[in-house]
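> requesting a structural model of the entry that follows:
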Amino acid sequence: MNISFRNELHTRSIIIFIACTLALAGCLSHSDGGGGPITYTLGGTVSGLNGSVVLENNGSNDLTVSSNGSFAFPTQTISSNFYSQVANSGTYSITIISQPAGQTCAVSNGSGTVSSGSNISNVSVTCSTNYYSISGTASGLNGAVVLQNNSGDNLTVSASGAFTFPTQLTDSSAYSVTVLTPPTGEICSVSSGVGTVSGGNVTTVMVVCSTNGYTIGGTVSGMNASTSLVLQDNNVDNLNVSANGAFTFATPVADTSPYSVSLFSKPSGQNCSITNGSGTLAGANVTDVAVACKNIIIAGCIQSPAFSLANPVPVSTFAGAAGLAPPGSTDTTSPTSMITASFRNPSGITTDGSNFYISDTGNNKIRMISSGSVSTLAGSGSAGSADNATGTSATFDNPNGITTDGTNLYVADTLNNKIRQIVIATGAVTTLAGSGSAGSADNTVGTSATFNHPSGITNDGNSLYVADTNNNKIRVISMATGAVSTLAGSGSTGNTNNTGTLATFNLPWGITTDGTNLYLADTYNHMIRKIVISSAVVTTLAGQGSAGYVDSASGTPKFDLPHSITINGTNLYVTDTANQLIRMVTSSGTVTTLAGTAGSSGSTDSTGTTASFYGPTGITTDGYHLYVTDTQNNKIRQVN
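Below you'll find the predicted structure:
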């Protein structure tokens with residue numbers, strides 16, 4: 001066979017194959033008999049539902065059902081093209097991707113194959129409420145003990161071993177097991193007896209009885225006068241403590257029983273910590289529980305009544321060279337030489353009531369002022385992102401916002417896109433949140449989340465709140481776990497008042513909190529915004545959205561690039577940076593000028609509007625004075 005003949009035969013074979021294939025496709029394309037796509041409805045009934053269940057068809061088509069009765073997915077369509085039919089097979093498969101709270105739902109008749117022109121209506125979803133038992137073990141019994149759950153469900157236990165209350169509880173219900181009547185001549189204690197049912201039977205309640213009972217006690221220190229706290233042992237035995245000194249719980253605890261002292265109610269304006277608060281009785285009274293209280297630190301300031309502004313306030317230089325100070329990074333060791341210390345564009349500042357901590361941005365250091373001396377707590381001075389280093393072995397890159405819980409500092413390490421944690425006692429630096437890459441991803445693992453030039457930071461003792469500047473968002477970080485979430489901000493630029501991610505900001509910078517609300521210097525909107533933490537509702541407290549300088553009542557004042565913000569009592573204090581001013585904002589939004597010469601930069605120590613600043617950025621208070629990082633002057637100023 002010659003080559004030309006073989007090529008011709010090959011060509012004819014291809015033509016025949018294509019012709020047959022087209023013919024076959026033409027036939028199959030009309031396999032539904034009508035030449036058009038197949039449409040059908042898919043549904044059924046739900047019964048026993050108490051809440052909302054989310055159904056899903058074929059792994060992608062979700063439907064939320066919130067009431068009993070009929071349900072139907074949106075009309076389904078299968079293409080008449082043969083290959084498209086093969087791709088989705090004409091099948092359906094309904095699954096449950098979200099159960100109602102406290103219920104379990106099951107699907108029957110949930111999968112099958114669609115017949116041409118036939119609707120599916122026999123899918124059945126049946127839901128039932130979950131009930132769980134409360135049980136545990138009793139030990140040391142020499143008679144019968146009567147237990148009680150939730151002050152009503154009684155159970156007599158006559159012998160050591162397992163017990164179960166007869167009445168079951170629904171999911172998410174609270175339970176509280178107590179001893180109603182102990183055995184004659186014995187003391188019984190309950191541990192793990194209080195909690196909330198969470199998707200399963202409770203089996204961990206422990207009742208220990210003994211002929212010997214011992215008391216739980218210790219000492220309280222640091223509590224303010226005219227305040228009180230309530231301690232609780234094993235989640236049931238409450239004790240009101242109204243003065244510093246010794247305390248003892250009234251209810252004795254059986255020998256070999258566990259005890260756990262917790263803070264049920266803290267003193268007004270204070271936080272308290274407990275040491276030696278838990279253990280197991282071992283034949284003796286417990287006397288070493290220690291409760292230490294101290295004033296609450298919020299946003300780096302001690303909460304105290306707001307001070308008045310009846311007279312012009314004096315402005316002085318707290319640290320840094322007098323006059324127009326040249327940049328530097330000189331530490332000092334003498335209170336009399338604080339003005340010889342030098343900084344380079346300091347920005348963030350916070351206090352624990354005794355010491356001051358400064359983000360010395362241009363030096364990439366964290367500085368500390370303590371007992372009048374200036375020292376470097378952390379940072380080598382070179383830009384970097386060295387994690388898990390101590391003191392001057394650690395590195396930062398343009399650190400800005402800073403806040404403290406009294407034990408640690410938390411720093412917005414802006415150009416590293418990280419939130420750093422510094423142990424004040426040791427200078428040990430770690431990364432709490434942020435991978436280092438610019439982004440806006442939330443994550444339960446803090447170092448897997450991303451930020452984009454975070455600048456402002458504050459805390460309420462449990463959470464950090466970060467002004468994620470280039471993302472136009474307000475982020476939340478759990479101080480315990482580092483988990484990161486978004487509280488407010490869509491990410492788009494704007495000044496929309498709304499809830500959560502429906503609100504918009506424009507390069508927000510400074511942030512502070514009173515424990516209930518956040519207050520934000522929305523810098524490029526020239527506004528002060530308010531965010532209710534519990535609901536994420538965002539409103540505008542002051543500012544018109546355009547740059548200017550106007551002292552006025554709510555709605556009409558103007559700012560020019562407000563940068564940082566702090567709170568003392570009911571008033572806010574703002575560094576109005578481009579206006580070279582320190583402004584005060586009341587809870588109603590009225591704005592007045594506290595210090596600085598409007599529109600004029602300088603370094604004059606004086607009173608009120610005859611004093612001058614040059615790029616004031618950070619601000620904090622110790623409850624009596626304001627402290628300002630006068631950034632371009634490379635100094636720290638005090639406003640009395």
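> can you give me phi and psi for Gly362?
With angles defined as degrees, to the nearest 10, Gly362 sits at phi -70, psi -20.
> what's the nearest residue to it if we skip its chain neighbours?
Take Gly362 and drop its neighbours on the chain: the residue closest to it by CB to CB, 6 or more residues apart in numbering is Arg344, 3.2 Å away. Bear in mind the C-beta positions are built from the backbone N, C-alpha and C, glycine included.
> need the contact list for that neighbour.
Contact analysis of Arg344 by CB atoms under 8 Å, 6 or more residues apart in numbering lists Pro327, Gly328, Ser329, Asp360, Thr361, Gly362, Asn363, Asn634.
> that one - that's part of a helix, no?
No - according to DSSP: H, G, I helix; E, B strand; the rest coil, Arg344 belongs to no helix; its state is coil.
> Leu581 contacts Ser612, doesn't it?
No - under the criterion of CB atoms under 8 Å, Leu581 makes no contact with Ser612, lying 9.7 Å away.
> spit out the residues that contact these two alike.
Contact with both Leu581 and Ser612 is made by residues Gly596, Thr597, according to CB under 8 Å, 6+ apart.
> closest to Glu56 among the contacts of Arg344?
Nearest to Glu56 among the contacts of Arg344, counting by CB to CB, is Thr361 at 50.3 Å.
> for the closest residue to that closest one other than its chain neighbours, which residues are in contact?
Spatial nearest neighbour of Thr361, chain neighbours left out: Ser347 (4.5 Å); criterion: CB to CB, 6+ apart. Applying CB under 8 Å, 6+ apart to Ser347 gives the contacts Ser359, Thr361, Pro399, Asn400, Gly401, Thr617, Gly618, Thr629, Thr631.
> from these, which land in strands?
Mapping the contacts of Ser347 onto strands (DSSP state E) picks out Ser359, Pro399, Asn400, Gly401, Thr617, Gly618, Thr629.
> who wins for neighbours among the residues you listed?
Ser359 (33 neighbours; other CB atoms under 10 Å).
> ok, Thr481 - how many residues close by?
Neighbour tally, Thr481, other CB under 10 Å: 12.
> check the one 3 residues further on too.
Other residues lying near Val484 total 28 when counted by other CB under 10 Å.
> show me what it is bridged to.
Val484 has these beta-bridge partners by DSSP bridges: Asn443, Ile477.
> do Val253 as well
Assessed by DSSP bridges, Val253 has beta-bridge partners Tyr214.
> I'd say it and Leu281 touch.
Yes - judged on CB under 8 Å, Val253 makes contact with Leu281 at a distance of 5.6 Å.
> Pro562 reaches Gln580, doesn't it?
No - contact criterion CB under 8 Å: Pro562 and Gln580 do not qualify, at 12.0 Å.
> who has more neighbours out of those two?
Pro562 (29 against 25).
> what's the weakest-modelled helix or strand in this structure?
Ranked by mean pLDDT, DSSP states H and E, the weakest helix or strand in the chain is helix 82-88, scoring a mean of 34.
> ok, then the element right after that helix?
Next along the chain after helix 82-88, taking DSSP states H and E as the criterion, comes strand 91-98.
> how about residues contacting that following strand?
Applying CB under 8 Å, 6+ apart, the contact partners of strand 91-98 are 42, 52-59, 62, 76, 105-107, 110-114, 120, 123, 125.
> quick one: average pLDDT of that strand?
The average pLDDT within strand 91-98 is 90.
> parallel or antiparallel, which strands does that strand pair with?
strand 53-57 (antiparallel), strand 111-113 (antiparallel).
> what about those strands, which gets the closest to Thr447?
Nearest of those (CB to CB): strand 53-57, 31.7 Å.
> what average pLDDT does the helix or strand that the closest one is followed by get?
Counting by DSSP H and E, the next helix or strand C-terminal to strand 53-57 is strand 61-65. Average pLDDT, strand 61-65: 89.
> strand partners of strand 61-65, parallel vs antiparallel please.
strand 53-57 (antiparallel).
> show me the strands in the stretch 501-640 of the chain, by range?
Along the stretch 501-640 of the chain, the segments classed as strands by DSSP state E, counting those that start in this stretch run 511-513, 517-522, 527-532, 538-542, 562-568, 571-576, 581-585, 591-595, 616-621, 626-630, 635-639.
> what packs against the longest one?
This means strand 562-568. Packing partners of strand 562-568 (3 or more CB pairs under 8 Å, 6 or more residues apart in numbering; DSSP states H and E): strand 301-302, strand 511-513, strand 517-522, strand 527-532, strand 571-576, strand 616-621.
> buried ones in it?
For strand 562-568, burial by neighbour count (16 or more other CB atoms under 10 Å) applies to Pro562, His563, Ser564, Ile565, Thr566, Ile567, Asn568.
> among these, which has the minimum pLDDT value?
Asn568 (84).
> any idea what the nearest residue to that residue once chain neighbours are set aside is bridged to?
Leaving aside its sequence neighbours, Asn568 sits nearest to Thr621 (CB to CB, 6+ apart; 4.8 Å). Beta-bridge pairing for Thr621 (DSSP bridges): Leu626.
> how deep is Thr621 tucked in, by neighbour count?
Counted with other CB under 10 Å, residues neighbouring Thr621 total 26.
> next: Thr156.
Neighbours of Thr156 (other CB under 10 Å): 11.
> of all the ones in strands among the contacts of Ser347, which comes closest to Thr501?
The nearest member of those to Thr501, counting by CB to CB, is Gly401 at 21.8 Å.
> what about the closest one, distance to Asn495?
Separation of Gly401 from Asn495 (CB to CB, to the nearest Å) stands at 21 Å.
> Pro183 contacts Val146, correct?
No - with contact defined as CB under 8 Å, Pro183 and Val146 do not form a contacting pair (9.3 Å).
> out of those two, which sits in the busier spot?
Legend: neighbour count by other CB under 10 Å for Pro183 and Val146, higher for Pro183 (19 against 15).
> distance from the chain centre to the helix or strand where Thr126 lies, please.
Using DSSP H and E, Thr126 sits in strand 120-129. Centre-to-centre, strand 120-129 and its host chain are 38 Å apart (CA atoms, centre = their mean, to the nearest Å).
> please apply the same query to stretch 260-280.
That offset, for stretch 260-280, works out to 22 Å (CA atoms, centre = their mean).
> got it, and stretch 255-273?
Computed by CA atoms, centre = their mean, the chain-centroid distance of stretch 255-273 equals 24 Å.
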